[in-house]
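Peer 1: Could you work out the structure for the sequence below:
(one chain, ligands or ions: 1)
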Amino acid sequence: MLQTALHYSHTLLKEILQPGDIAVDATMGNGFDTLFMAELVGKTGHVYSFDVQEQALNTTQEKLLEADLSTRAHLYLQGHETIGMILPRETPIKAAVFNLGYLPKSDKSIITLPTTTKIAMDEILLRLAPRGRLILVAYYGHVGGVEELTMVRDYCERLPQEQFSVLNYQFINQKNQPPILFCIERKKN
Ligand code: SAH
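Peer 2: Numbering: from 1, shown residues only. Now for the predicted structure:
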């Protein structure tokens, strides 16, 4: 069966993340991506995770503790647009993932926004390792969602093909605006 965009994001992460790698969860949310990547990067790797809501940090921390993986991730209660202040320029990011939108069952007015999402994408691409992947899963059914989706699509379409391969994965005959996935892969130097 064809994978949902969310499931496919994990397939794309699993294909490349290896023990020792550095990964970024730009939108911690319910913590599933941080947990998933913390398993893949092993004891020698690390995950840097961001969210602006304390609830997201708490849920993620609980998940990591249950799995005995809390030493593999740093959780930041701050926006992903600050990534440039946390990770030095020479940090080789092997994978980064965004879930755009609002946190399910939470405050629907706290959403990711085009300007800050773009800043974070810029900062991550500056650090993306060869064959590294920046993955975005865009939910856009909410107010403001289409603007963000448009920004991400335009951004992706403009990336030079000499440096990046960009994939777009979406179901085109489904109701209820299923999420759309974008994956930017840096080509081998
Ligand atoms: N809509 C998705 C989940 C999106 S969660 C789904 O249904 O599965 C998006 C997360 O991004 C939320 O937890 C929200 O708090 C967080 N967020 C919003 N702005 C942010 C920012 N500037 N930096 C980091 N996280 C942010």
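Peer 1: Distance check, the residue nearest to residue 14 when sequence neighbours are not counted against residue 162.
Peer 2: What sits nearest to residue 14 in space, not counting adjacent residues and going by CB to CB, 6 or more residues apart in numbering, is residue 40, at 6.5 Å. Any C-beta I mention is one placed from the backbone N, CA and C, and that applies to glycine too. Residue 40 sits 29 Å away from residue 162, going by CB to CB, to the nearest Å.
Peer 1: Tell me which of these two has more neighbours.
Peer 2: residue 40 (21 against 6; other CB atoms under 10 Å).
Peer 1: Indicate each strand paired with the longest strand that the chain contains and its parallel or antiparallel sense.
Peer 2: Using DSSP state E, we find that the single longest strand of the chain is strand 128-138. According to DSSP bridges, strand 128-138 forms sheet pairs with strand 93-100 (parallel), strand 180-186 (antiparallel).
Peer 1: residues making contact with it?
Peer 2: Contact with strand 128-138 is made by 5-6, 9, 12-13, 16, 92-101, 121, 124-125, 145, 148-149, 152, 179-189, as judged by CB atoms under 8 Å, 6 or more residues apart in numbering.
Peer 1: run the last query once more with 6 Å
Peer 2: 5-6, 9, 12, 16, 92-100, 124, 149, 152, 179-186, 188-189 (CB atoms under 6 Å, 6 or more residues apart in numbering).
Peer 1: follow-up on the earlier one: deepest of the strands paired with strand 128-138, which one?
Peer 2: Using mean count of other CB atoms under 10 Å, the stretch among the strands paired with strand 128-138 with the largest mean neighbour count is strand 93-100, at a mean of 26.
Peer 1: How far does it sit from its chain's centre?
Peer 2: How far strand 93-100 lies from its chain's middle: 3 Å, per CA atoms, centre = their mean, to the nearest Å.
Peer 1: Any figure for the gap between residue 8 and residue 151?
Peer 2: Using CB to CB, one obtains 21 Å as the distance from residue 8 to residue 151.
Peer 1: cool, residue 174 as well?
Peer 2: In terms of CB to CB, residue 174 sits 22 Å off from residue 151.
Peer 1: The two: which has the busier surroundings?
Peer 2: Taking other CB under 10 Å, residue 174 and residue 151 do not tie; residue 151 has more neighbours (18 against 8).
Peer 1: give the contact list for the residue most central in space within the chain.
Peer 2: Centroid-nearest residue in the chain, with CA atoms, centre = their mean: residue 97, separated by 1.4 Å. Counting by CB under 6 Å, 6+ apart, residue 97 touches 25, 33, 135.
Peer 1: what's the neighbour count on the second one?
Peer 2: Right, residue 33. Residue 33 has 29 neighbours, counted by other CB under 10 Å.
Peer 1: Give me the phi and psi angles of it.
Peer 2: Residue 33 adopts backbone torsions of phi -70, psi -40, taken as degrees, to the nearest 10.
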